[in-house]
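Asks: structure of the sequence below:
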Amino acid sequence: MQAETQNTQSGFYRLPTVLTKIPVSRSAWWAGIQSGIYPPGVRIGPRTTAWLQSDIDELCTRLKEGQLYPIESKEE
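Replies: Numbering: from 1, shown residues only. Predicted coordinates:
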């Protein structure tokens, strides 16, 4: 039952919605994706990109905590 409640935010955000949550310009958003600051989108059509709600929510949390880049665990 708990697994069902954790998966409530499995939708997508289009770019205008993302930019209301992360107030940067469109060009800054795309540059941030290239530099690894922002999560890459998912192609949902030939000219349409969307972002997972969970990725954007994690990004908002990370930015509120003052972390610009995601923390990656490197296994050696």
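
Asks: shaky segments in the chain?
Replies: Filtered on pLDDT under 70, the chain yields the residue ranges 1-9, 71-76.

Asks: can you classify Ile33 as helix, strand or coil?
Replies: helix (DSSP: H, G, I helix; E, B strand; the rest coil).

Asks: just checking, it touches Thr49?
Replies: No. Ile33 is not in contact with Thr49 according to C-beta atoms under 8 Å; the separation is 9.6 Å. For every residue, glycine as well, the C-beta is placed using N, CA and C.

Asks: for Ile44, helix, strand, or coil?
Replies: strand.

Asks: report how many residues lie close to it.
Replies: 11 (other C-beta atoms under 10 Å).

Asks: list the contacts for it?
Replies: By C-beta atoms under 8 Å, 6 or more residues apart in numbering, the contact list for Ile44 reads 12, 50.

Asks: how much space separates it from Leu63?
Replies: 25 Å (C-beta to C-beta, to the nearest Å).

Asks: before we move on, the earlier item: for Ile33 and Thr49, list the residues in contact with both.
Replies: Gly41.

Asks: neighbours of Arg62, how many?
Replies: By other C-beta under 10 Å, neighbour count at Arg62 equals 15.

Asks: and it, what element?
Replies: Assessed by DSSP states H and E, Arg62 sits inside helix 53-64.

Asks: just the CA atoms of that helix, as CSV, please.
Replies: Written as CSV, here are the backbone C-alpha positions of helix 53-64 (Å, rounded to 0.1, in the frame of the first residue of the first chain):
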residue,chain,number,x,y,z
GLN,A,53,7.5,15.8,-12.2
SER,A,54,9.7,13.8,-9.8
ASP,A,55,12.9,15.2,-11.4
ILE,A,56,11.6,18.8,-11.2
ASP,A,57,10.5,18.3,-7.6
GLU,A,58,14.0,16.9,-6.7
LEU,A,59,15.6,19.8,-8.5
CYS,A,60,13.5,22.3,-6.5
THR,A,61,14.5,20.6,-3.2
ARG,A,62,18.1,20.4,-4.2
LEU,A,63,18.2,24.1,-5.1
LYS,A,64,16.5,25.1,-1.8
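
Asks: many thanks, have a good one.
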